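Asks: Quick one, fold the following:
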Amino acid sequence: MIIRLHTTATEAQIAELRQQLEATGVSLHPVHGEQQDIIGLIGDTSRVDLRTIESLPYVEKVMRIQEPFKKANRKFHPQDTVVTVGNAKIGGGHFAIIAGPCSVETPEQVIEVAKAVKAAGAGILRGGAFKPRTSPYSFQGMGPSGLALLEEAKKETGLPIVSEVMDISQLEYFDNVDMLQIGARNMQNFNLLKEVGKLRKPILLKRGLCATYEEWLMAAEYIMSEGNEQIVLCERGIRTFETRTRNTLDVTAIPMMHELSHLPIIMDPSHAAGMSRVVPSLSLASVGGGADGLMIEVHNNPEKALCDGPQSLRPEQFATLANQVFTLRDALGHK
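Replies: Numbers count the residues shown, from 1 in each chain. This is a model prediction of the structure:
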């Protein structure tokens, strides 16, 4: 349930209303907007007298929310959420490119790629230290030592870093990581979602391979229910009947998420296609569709990459694409 207040509502009136509502046993989620204030109610609202609330002179409107996701709901929070990662901002008109290797492999590799993507305009460095692989015989990542290499790249370039956490037991290694990624396979690892919800770090939440929009937002709700509202949604392609590409990038998710939720959404064209040659086209389509950012894999020697080399751009290819992305955004009138 949402209570929309008149702009003339005083602090004393709001405090009185909150006290009255809390007496019914519901949890309150106040949102202070630029134009007006909103109070969101979470829990059993059957004991809230709708007519009494609506009759108050400082209440403009009372609405019930049918969707199960409350905190992630646009109705609950009309203004866009802006997530800050280091010096980069995502959402609310702010656009950021996250770039780097799928997997951290050597100090030389990660430093070289980090410098290249920063020079081209990336605002956040990505790199995998713990890798969820389909085959148990594939490279599983360097683990904590990989995170240490990312931290060195951060010191060298000033770029904030994002890396994937796969299990609660790994969280102890992520103290110096600026943004934690929850991968597609862990989107519904509810224990992990609740644990990262207790942190005060931005979370990059990837969409599951076969997840609906509602399931995706309910995963975000798990994180938000624990107090962490700094979430960026990441569309990385869904599994369809098509076999030419690894996955199908759902560009429709951009306007749908902006309609349903206040959380920013970025696109990962690298994982969607699985082929570097189509990454530029999918990236530009995503920018045209209104994405709040891109996540692109970049490797200085894709042929010898230990993980997902075929979908990685070379640094010079990334620089060309980044220039096209910023040019397109300028043409569309974005800052």
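Asks: what's in contact with stretch 317-332?
Replies: Outside of stretch 317-332, the residues within contact range by CB atoms under 8 Å, 6 or more residues apart in numbering are 95, 97, 99, 116-117, 119-122, 276, 279-280, 283-284, 287-288, 294, 296, 298, 313. Using the backbone N, CA and C atoms, a C-beta is placed for each residue, glycine as well.
Asks: Measure how far that stretch is from the centre of its chain, please.
Replies: Here stretch 317-332 shows a centroid-to-chain-centroid distance of 21 Å under the convention CA atoms, centre = their mean, to the nearest Å.
Asks: buried set for that stretch?
Replies: Residues 317-319, 321-322, 325-326 are the ones in stretch 317-332 that count as buried (16 or more other CB atoms under 10 Å).
Asks: Extract the CA atoms of it and return them as PDB.
Replies: What follows is the C-alpha trace of stretch 317-332 in PDB, where atoms were taken according to Å, rounded to 0.1, in the frame of the first residue of the first chain:
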ATOM      1  CA  GLN A 317      37.900  -2.600 -30.400                       C
ATOM      2  CA  PHE A 318      36.500  -1.500 -27.100                       C
ATOM      3  CA  ALA A 319      37.900   2.000 -27.600                       C
ATOM      4  CA  THR A 320      36.100   2.200 -31.000                       C
ATOM      5  CA  LEU A 321      32.800   0.900 -29.400                       C
ATOM      6  CA  ALA A 322      33.000   3.300 -26.400                       C
ATOM      7  CA  ASN A 323      33.400   6.200 -28.800                       C
ATOM      8  CA  GLN A 324      30.300   5.100 -30.700                       C
ATOM      9  CA  VAL A 325      28.400   4.600 -27.500                       C
ATOM     10  CA  PHE A 326      29.100   8.200 -26.300                       C
ATOM     11  CA  THR A 327      28.400   9.600 -29.800                       C
ATOM     12  CA  LEU A 328      25.000   7.900 -29.900                       C
ATOM     13  CA  ARG A 329      24.100   9.100 -26.400                       C
ATOM     14  CA  ASP A 330      25.000  12.700 -27.500                       C
ATOM     15  CA  ALA A 331      22.800  12.300 -30.600                       C
ATOM     16  CA  LEU A 332      19.900  11.100 -28.400                       C
END
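Asks: Endpoints of stretch 134-154, how far apart?
Replies: The first and final residues of stretch 134-154 sit 29 Å from each other (CA to CA, to the nearest Å).
Asks: Which residues does that stretch contact?
Replies: Where contact means CB under 8 Å, 6+ apart, the residues beyond stretch 134-154 that reach it are 103-107, 110-111, 114, 125, 127-131, 133, 159-161, 163, 173-174, 176-178, 306-307.
Asks: Drop anything exposed from the residues you listed.
Replies: 103-105, 110-111, 114, 125, 127-131, 159-161, 163, 173-174, 177-178, 306-307.
Asks: Filter those residues down to just the ones in helices.
Replies: With helices taken from DSSP state H, the overlap with the buried ones among the contacts of stretch 134-154 comprises 110-111, 114.
Asks: ok, now which ones touch Ile3?
Replies: So, once contact is read as CB under 8 Å, 6+ apart, Ile3 ends up touching 17, 21, 38-41, 53, 59, 61-62.
Asks: before we move on, the earlier item: return the subset of the buried residues of stretch 317-332 lying in strands.
Replies: Here DSSP state E is the test, and the buried residues of stretch 317-332 give no hits in strands at all.
Asks: Save these as TSV, and put in pLDDT too.
Replies: Below are the buried residues of stretch 317-332 laid out as TSV (pLDDT from 0 to 100):
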residue	pLDDT
Gln317	98
Phe318	98
Ala319	98
Leu321	98
Ala322	98
Val325	98
Phe326	97
